[in-house]
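Undergrad: sequence and predicted model, in that order:
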Amino acid sequence: MARKTTPQRPARKGAVHPAKSGKSKIGKSKSRASARTPRKGAKPKPWTPAEVEEAFRRFAKANPKPRGELEHVDPYTLLIAVVLSAQATDAGVNKATPALFASADTPAKMVALGEDKVRQFIKTIGLFRTKARNVIALSQKLIDEHGGVVPPSREALEALPGVGRKTANVVLNIAFGEPTIAVDTHIFRVGNRTGLAPGKTPLEVEMNLERVVPDQYKRHAHHWLILHGRYTCLARRPLCEKCLINDLCRWPEKTI
């Protein structure tokens, strides 16, 4: 005896079976979401000159006269503080340098103090042994080649023991008013995360910032970006809800 079969209901004209179309509500919602938010790892759209101008206009309005947080009284003490700050926090350096500078605030006094005593003053700072050796060596070189004065030249600064491009840029910017941008971990993160000046190396980020930052803002751009990375665009959990430039930022994982 033949089994009865239920007749198939004829499909409506123009209808497409979901299995054949490959589409579903879930897929549709995903496609809309991906259209709104760039995929993680996707190359962000570059900032326009108008957007860069607007970002630094906001930074300048919020903090017209930014300054570095390392305590110093002149170019020499600034140079020493920046050398000591490598792989250390500004707060940690500021705890050690007042006593050090009270004993030696010139190259001649520092050399006379000696490496052993310098180590005792800065032993709470990371890599203090190497840094103490560099402090004495660069102080001696300042005496021998520059009359005990910090030179306002990148080439001369980078020739000093313990001084690299970042340190030279900080000294040139703060001590001599040069529009240099010293790319530390904060600026490197901000430049890449926001899409403002992406780069694979600190030098690449620096060159890209030099290219995009308007001239009238270059003098203080270094400080604005460091402070932004230190207090707002944090490494682990950026405070996007407090960010001055969150509407311009290209980061696809913004919290707002």
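TA: That came through, no problem.

Undergrad: just give me the residue closest to the centre of this structure.
TA: residue 187 (1.2 Å; C-alpha atoms, centre = their mean).

Undergrad: ok, now which ones touch that one?
TA: Residues near residue 187 by C-beta atoms under 8 Å, 6 or more residues apart in numbering: 181, 202, 205, 209, 222, 225-226, 229. All C-beta atoms are positioned from the backbone trio N, CA, C, and that covers glycine.

Undergrad: export those to CSV and tack on secondary structure?
TA: Listed next are the contacts of residue 187 as CSV, based on DSSP: H, G, I helix; E, B strand; the rest coil:
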residue, secondary structure
181, coil
202, helix
205, helix
209, helix
222, helix
225, helix
226, helix
229, helix
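
Undergrad: from these, which would you call buried?
TA: 181, 202, 205, 209, 222, 225-226, 229 (16 or more other C-beta atoms under 10 Å).

Undergrad: just name the shakiest helix or strand of the chain by mean pLDDT.
TA: Within the chain, judged by mean pLDDT, DSSP states H and E, the helix or strand with the poorest mean is helix 25-36; its value is a mean of 37.

Undergrad: mind telling me what element the residue nearest to the centre of the chain is part of?
TA: Residue 187 belongs to helix 185-194 when assigned by DSSP states H and E.

Undergrad: what comes up buried for that helix?
TA: Those would be 186-194, for helix 185-194 by 16+ other C-beta under 10 Å.

Undergrad: residue ranges with poor pLDDT in the protein?
TA: Counting by pLDDT under 70, the chain has low-confidence residues at 1-42.

Undergrad: longest single helix anywhere in it?
TA: The single longest helix within the chain, with elements called by DSSP state H, is helix 128-146.

Undergrad: now residue 222. Nearest residue, chain neighbours left out?
TA: residue 181 (4.8 Å; C-beta to C-beta, 6 or more residues apart in numbering).

Undergrad: just checking, the one you found touches residue 203?
TA: No - in this structure, residue 181 is not within contact of residue 203 by C-beta atoms under 8 Å, at 10.9 Å.

Undergrad: could you say which helix or strand holds the closest residue in space to residue 85 that isn't next to it in sequence?
TA: Distance criterion C-beta to C-beta, 6+ apart; nearest residue to residue 85, sequence neighbours excluded, is residue 93 at 4.9 Å. Per DSSP H and E, residue 93 falls inside helix 90-103.
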